[in-house]
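Student: sequence and predicted structure below; questions after.
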Amino acid sequence: IIMDGNGRWARRRFLPRLEGPRQGAKSVRRTVEFARRTGIEILTLYAFSTENWQRPKTEVIGLMNLLAQYLDSELEELHRNGICFRTIGEVGRLPARLMAKIEKARERTKTNRSMVLNIALSYGGRQDILKAAVRLAHAISSGEVAEDSVTEELFGDLLETRGLRDPDLLIRTGGELRISNFLLWQAAYTELYFTPALWPDFDEETFTQAIEAYQQRQRRFGMISDQIETGGRVP
């Protein structure tokens, strides 16, 4: 999920801009709980992009503080519900205090298996692909990997999401119709769903509508409908 619309939610109510993300944290709590109860195995939330570092310094600091508060308030609940906490992105750019809380959450929940909550922090899809390409180039130049053995699966294992399946559904709130540098490689065949609901207003009903829309789609992965219906065989 691309969690968009926090600032607009606050502005429409003549509230300080950071009140949007503060209310958005409540939507995160609702969404994680609903996903767990629904049986969703992996939920990735786009919390802070590489481009978000360009925002005013006071807003960035405020967002970092909200992330720290979320971990403080939700960690034990995540653990009790068997949720494994992960992150993707350049977390080394985050404040040391927040990094310590992230590491604590990872360690505390690493053996949990009911669901993966994957938070994208200082994440960019292009940057993810570039770093993977550099890793692959080093592996080839060192002889660790033969050039003619490079596959999509091998490259995927060099991305930040290694070990996780590609997403089936990508939801963006806030009415914008773009994916904003999010999971560019991983979302190659992901179904896209856009809702005008601003993130603080995202609730179980909105989430359910997205899932029901996804269930009405046929995922062909380049094949034709008849092949899908016959298990991939050419009729």
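Tutor: Looks like it arrived, so ask away. Numbering: from 1, shown residues only.

Student: can you list the low-confidence ranges for this protein?
Tutor: Applying pLDDT under 70 to the chain flags the ranges 219-235.

Student: go again with 80.
Tutor: Scanning the chain for pLDDT under 80 picks out the ranges 218-235.

Student: report the central residue of it.
Tutor: When Cα atoms, centre = their mean is applied to the chain, the residue found nearest the centroid is Thr44 (2.8 Å).

Student: how near is Asn52 to Glu59?
Tutor: Using Cβ to Cβ, to the nearest Å, one obtains 9 Å as the distance from Asn52 to Glu59. C-beta here means a position set from N, CA and C on the backbone, and glycine is covered the same way.

Student: now do Ile140
Tutor: Using Cβ to Cβ, Ile140 is found at 41 Å from Glu59.

Student: the closest residue to the residue nearest to the centre of the chain other than its chain neighbours: what secondary structure?
Tutor: Distances taken as Cβ to Cβ, 6 or more residues apart in numbering put Asn118 closest to Thr44, at 4.1 Å, once the chain neighbours are dropped. Using DSSP: H, G, I helix; E, B strand; the rest coil, the secondary structure recorded for Asn118 is strand.

Student: now do the same contact list for Asn118.
Tutor: Contacts for Asn118 were tallied using Cβ atoms under 8 Å, 6 or more residues apart in numbering; they are 42-45, 86-88, 161, 164.

Student: you'd agree Thr58 is in a strand?
Tutor: No - Thr58 sits outside any strand when classified using three-state DSSP, being helix.

Student: ok, now how distant is it from Ile171?
Tutor: 29 Å.

Student: repeat that for Gly24.
Tutor: Distance check for Gly24 against Ile171: by Cβ to Cβ, it reads 14 Å.

Student: more neighbours: these two, which one.
Tutor: Regarding Gly24 and Ile171, a neighbour count based on other Cβ atoms under 10 Å identifies Gly24 as having more, with 27 against 23.

Student: the more buried one and Ile1 touch, don't they?
Tutor: No - contact criterion Cβ atoms under 8 Å: Gly24 and Ile1 do not qualify, at 11.2 Å.

Student: show me where the protein has its strands.
Tutor: Under the criterion DSSP state E, the chain contains strands at 42-49, 83-88, 115-123, 169-172, 191-194.

Student: since that was my last question, I'll sign off now.
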